[in-house]
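> Provide a 3D model corresponding to the input given below.
(one chain, ligands or ions: 1)
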Amino acid sequence: MRKVGIVMGSDSDLPVIEKAVKILKELEIPFEAHVYSAHRTPEQARSFALNARENGFGVILAAAGMAAHLAGAIAANTTLPVIGIPCRGPALDGMDALLSTVQMPSGIPVAAVGIGNGANAALLAAEILAVEDADLAVRLTAKRKADTEAVLKKDAGIMERL
Ligand code: RP5
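Reported below is the predicted structural model:
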């Protein structure tokens, strides 16, 4: 199975990445994570993206906050799908990162999830890989079913909590 590549602009983005990793582990998807910054270590970010396909990656998650150019910078150097995860920052609560991540020019797409939503980024990566991986598709369907059942259980118990 192709790996999910994870890049984060700083180790301060780790709490968001941990949400993604939890789901990748649950779905038994191999991954590799790095701290690469579009601004502080641009050469490392570029080299990772340029070599990602031949290094066995199938999807790349890129998490960054503030002037979040990481997902776009990665996408500029690969034709693998890139999922941007905007992270909260101190001044604008993630709105800066959201807009920096999602407002890509035509020709270089980044699929962006909501602010801090590492879980959805991992699920979307799993859905992309599952297009060609029937076993993973089965695990994804089972997870969706279990998640639905957990919500139904909350519905059944909500009156007791009021
Ligand atoms: C971004 O700047 C990083 O992705 C992080 O979200 C933010 C702050 O980084 P640190 O100053 O905490 O290293 O590039």
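> go through the lengthiest helix in the chain and flag the buried ones.
Secondary structure of the chain per DSSP state H: the longest helix is helix 134-157. For helix 134-157, a neighbour-count test (16 or more other Cβ atoms under 10 Å) marks 136, 139-140 as buried. All C-beta spots, glycine's among them, are computed from the backbone N, C-alpha and C.
> kindly provide the whole-number mean pLDDT of it.
For helix 134-157, mean pLDDT rounds to 98.
> what are the ranges of the helices in this protein?
Under DSSP H, the chain gives helices at 14-26, 42-51, 70-75, 95-102, 118-130, 134-157.
> can I get those in TSV with distance to residue 81?
Below are those laid out as TSV (distance: least, Cβ to Cβ, whole Å):
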stretch	distance to residue 81
helix 14-26	15
helix 42-51	12
helix 70-75	9
helix 95-102	14
helix 118-130	6
helix 134-157	15
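> residue 109: which of these is closest?
Proximity to residue 109, assessed across the helices of the chain by Cβ to Cβ, is greatest for helix 70-75 (6.6 Å).
> ok, residue 54 to residue 78 distance?
From residue 54 across to residue 78, the span is 10 Å (Cβ to Cβ, to the nearest Å).
> more neighbours, those two?
Using other Cβ atoms under 10 Å, the more surrounded residue of residue 54 and residue 78 is residue 78, with 18 against 7.
> the top strand by length along the chain vs the ligand: in contact?
Longest strand of the chain, by residue count under DSSP state E: strand 57-65. Yes - using Cβ under 6 Å from any ligand atom, strand 57-65 reaches the ligand at 64-65.
> buried ones in stretch 46-54?
Neighbour-count burial for stretch 46-54 [16+ other Cβ under 10 Å]: 46, 48-49, 52.
> who's in contact with it?
5, 7, 34, 36, 60, 73-80 (Cβ atoms under 8 Å, 6 or more residues apart in numbering).
> could the helices of the chain go into CSV alongside distance to the ligand?
Below are those laid out as CSV (distance: least, Cβ to the nearest ligand atom, whole Å):
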stretch, distance to the ligand
helix 14-26, 9
helix 42-51, 11
helix 70-75, 7
helix 95-102, 7
helix 118-130, 13
helix 134-157, 28
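> compare those helices and give me the one nearest residue 85.
Of the helices of the chain, nearest to residue 85 by Cβ to Cβ is helix 118-130, at 4.9 Å.
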